[in-house]
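J.: no sequence on this one, just coordinates:
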């Protein structure tokens, strides 16, 4: 009886530990809670990172077209978009791990919304709300410089510590 209980407890503990997001991506990439069939947390709220560049708008991805990059699962609307991403993930993954670009500029890691986005110099920037996205756009170059300066300092820090 005790042995059976210990095996169950150990199994639950191992599963729970594996689902806590202990990979570096947990605080370096903005991910949704829960898991994916790829066994990694979901990046970009399931939206297709390539579509921002090819379609000029956010497009929800499909789990059948999943690529893993930097410890997170990215969904794509098509196999072609998945292949495009896999050939150049740095070029298509959102800046600052998908955290709010304006927030990074002020030293914070706020959720980046796939609905509030900008592409500038072939880079995808997300922001948390429409108002923040407008504020980010008011001084796009200056805000990107602030975010670039801060990202090196906060990239590896836990969200809750900022």
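T.: Cool, the structure landed. None of the values given here were measured: they were computed from a predicted structure.
J.: Just want the phi and psi numbers for residue 77.
T.: phi -70, psi -20 (degrees, to the nearest 10).
J.: Check residue 148 too.
T.: Torsion angles, degrees, to the nearest 10, at residue 148: phi -60, psi -40.
J.: what's around it, how many residues?
T.: As a burial measure, residue 148 scores 14 neighbours (other Cβ atoms under 10 Å). For every residue, glycine as well, the C-beta is placed using N, CA and C.
J.: Can you tell me the SS state at residue 35?
T.: coil (DSSP: H, G, I helix; E, B strand; the rest coil).
J.: Can you show me the helices along this structure?
T.: 2-18, 25-28, 51-54, 79-87, 89-92, 101-105, 130-138, 140-154 (DSSP state H).
J.: isn't residue 128 right next to residue 100, touching?
T.: Yes - contact criterion Cβ atoms under 8 Å: residue 128 and residue 100 qualify, at 4.2 Å.
J.: Show me whatever sits in contact with both of these two.
T.: The overlap between the contact sets of residue 128 and residue 100 (Cβ atoms under 8 Å, 6 or more residues apart in numbering) consists of 110, 111, 112, 113.
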